[in-house]
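Colleague: Mind folding the following:
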Amino acid sequence: MSTSSILTNKPAPSLNIFIIKEGLSQGTYVSRNACTIIQPIPAYRDTVNPNFHWSDFHRVSWLLQDAPYLSFWPRKPSFTNPLFSRLNIDPDTIPLATHAPAHYSLPIPLIQSWARLEDALTQIVDGLLRRAKFSTRLVNRIVAPCECGYRDKHSTAHGARISAKKSRWAFLLLATLCSFSIAINTGDDELSSPVPAWVSYIHENEKIYSTYLDTLRKTFVGDFTPGSRVGAFVNGHQSTWGDYLPKFVNAGVALWVWWMEDKGNLSASPSIFHDYFPSQEDIERAKKIASLKPLRSSRNVPLFSNTTHIMNASTAFPVNNEIPEPHEDAGQLKGETFHDFMKRRADETQDMKSKETADDEWDRSLRQQNADNATDLLGNINFGYAFKVRMQS
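Modeller: Okay, here's the model as predicted:
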């Protein structure tokens, strides 16, 4: 399955409904542009985790109140284009500049080149956020590349190389924010326009050459192909980003809006309620279908249609009263449920992450990124099958 087959180019005329009946994030999920749902769904949070790992941003997470742009994180960023090729270096082997007394830094020309890119992207982001009138909203930029130390001198060569690794991730974060800023300044019919209004605005107000902006649009920053971004789960009751969700959908970002049964139709955003809250009839019909044994569909079958799809976690696997022996080297304990297994593995992974050095984190993140580039969207999360129930018209 290609990475874009999870999405349609245009929002579906009807809602796609997913019922999740187990786990920390059980409830009803509704989407207008995603034909299936990514599992396992992480525990809900509405702000950036202060103890984040860079690899966390590679996976679908919740739309954060202070950093909604993380849903635009690129699945396959390329550093071979004219603007971002300067980041395509190996921090472990690049020759360092030495300074007295016994200090190290990246080569001065490379520092200057990275600084020019950071300054230009920051200026574009600032200008676009002003154009979108974001003065009343706090957008958490998390960390800037320069704050990771690539411009500084370091007392050890190891410290200089670690700063380069962290700075490159921060550049990807800044590029993601730039993509978000472009998307919220782009009209429904402007993505393919030769000269979008935002380009003219930045050229006239920020004095950045149009040729530079055109080059930027041709990089992963300006790629809004469906499936090119990680997407997000949205808390329909609490999120205040409802007015901007059409911009996300227009930019090919997969969205799943979550509704909890015990909270009814309470929503902080009238636009989210209007666009994504299903009727009671649809919910009851979805629950009825979800109680049936789900159908197993091939991963080669296109997973988008205008029908309603149900993911029912409680019946996703056949029930067998005889507990089988786990496969050799499977890691799953005898009698351990799928959800218990995933929780135990998640706890073990979190414990391992807490003991990582910066080098360990970088190496793991590269392995994860290589895996993302080598597998499709469902394969990346190790969820072996997609199930759907097609409603009869």
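Colleague: So Ser163: helix, strand or coil?
Modeller: helix (DSSP: H, G, I helix; E, B strand; the rest coil).
Colleague: State the distance from it to Asp92.
Modeller: 13 Å (CB to CB, to the nearest Å). For the C-beta atoms, the positions are set from N, CA and C on the backbone; glycine is no exception.
Colleague: Compare the two and say which is more crowded by neighbours.
Modeller: Ser163 (23 against 12; other CB atoms under 10 Å).
Colleague: just checking, the more buried one touches Lys153?
Modeller: No: with contact defined as CB atoms under 8 Å, Ser163 does not reach Lys153; the gap is 10.0 Å.
Colleague: OK, contacts around the most centrally placed residue in the chain?
Modeller: Centrality entry for the chain: nearest residue to the mean C-alpha point is Val230, 3.1 Å, by CA atoms, centre = their mean. Neighbour list for Val230: 57-61, 70-73, 75 [criterion: CB atoms under 8 Å, 6 or more residues apart in numbering].
Colleague: now Phe52
Modeller: Contacts of Phe52 (CB under 8 Å, 6+ apart): Ile142.
Colleague: helix, strand or coil for it?
Modeller: Once three-state DSSP is applied, Phe52 turns out coil.
Colleague: What separation do you get for it and Gly27?
Modeller: From Phe52 to Gly27 the distance is 25 Å (CB to CB).
Colleague: Which pLDDT value goes with the residue nearest to the centre of the chain?
Modeller: pLDDT for Val230: 94.
Colleague: what's it sitting at in phi/psi?
Modeller: Taking degrees, to the nearest 10, you get phi -70, psi -30 for the backbone angles of Val230.
Colleague: how about the strands of the protein, start to end?
Modeller: 16-20, 27-31, 61-62, 97-99, 103-105, 232-235, 255-259, 295-297, 386-388 (DSSP state E).
Colleague: The second one - contacts with which helices or strands?
Modeller: I take that to be strand 27-31. Applying 3 or more CB pairs under 8 Å, 6 or more residues apart in numbering; DSSP states H and E, we find strand 27-31 packed against strand 16-20, strand 255-259.
Colleague: Compare the mean pLDDT across those and name the weakest.
Modeller: strand 16-20 (a mean of 86).
Colleague: Neighbouring strands of that one in the sheet, and parallel or not?
Modeller: strand 27-31 (antiparallel) (DSSP bridges).
Colleague: outside of the strand it pairs with, which residues touch it?
Modeller: So strand 27-31 is contacted by 12, 15-20, 37, 233, 236, 254-261, 276-278, 283, 286, 311 (CB under 8 Å, 6+ apart).
Colleague: of these, buried ones?
Modeller: Buried residues within the contacts of strand 27-31, counting neighbours by 16 or more other CB atoms under 10 Å: 12, 15-20, 37, 233, 236, 254-259, 276-278, 283, 286, 311.
Colleague: Quick one: closest of the strands of the chain to Glu356.
Modeller: Glu356 sits nearest to strand 61-62 of all these, at 19.6 Å, using CB to CB.
Colleague: ok, and what's touching the closest one?
Modeller: 42, 44-46, 70-71, 230, 232-235.
Colleague: Where does the prediction get shaky in the protein?
Modeller: Low-confidence segments of the chain (pLDDT under 70): 1-14, 135-137, 264-265, 290-324, 328-329, 338, 359, 363, 366-393.
Colleague: circling back to that earlier point, out of the contacts of Val230, who's nearest Ser167?
Modeller: The closest of the contacts of Val230, once distances to Ser167 are taken by CB to CB, is Phe57, at 15.6 Å.
Colleague: ok, the closest one - contacts?
Modeller: By CB under 8 Å, 6+ apart, the neighbours of Phe57 are 70, 73, 173, 176, 230.
Colleague: Out of those, which sit inside helices?
Modeller: Those of the contacts of Phe57 mapping onto helices are 173, 176, per DSSP state H.
Colleague: wait, which of the contacts of Phe57 is closest to Ala115?
Modeller: Among the contacts of Phe57, and counting by CB to CB, the member closest to Ala115 is Leu173, at 16.4 Å.
Colleague: can you put the strands of the chain in TSV and add distance to Pro82?
Modeller: Listed next are those as TSV, based on distance: least, CB to CB, whole Å:
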stretch	distance to Pro82
strand 16-20	39
strand 27-31	36
strand 61-62	31
strand 97-99	24
strand 103-105	25
strand 232-235	30
strand 255-259	32
strand 295-297	42
strand 386-388	39
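Colleague: Compare the ones you listed and report which one is nearest to Gly127.
Modeller: So among the strands of the chain, strand 232-235 is nearest, using CB to CB, at 24.8 Å.
Colleague: Alright, I will stop here.
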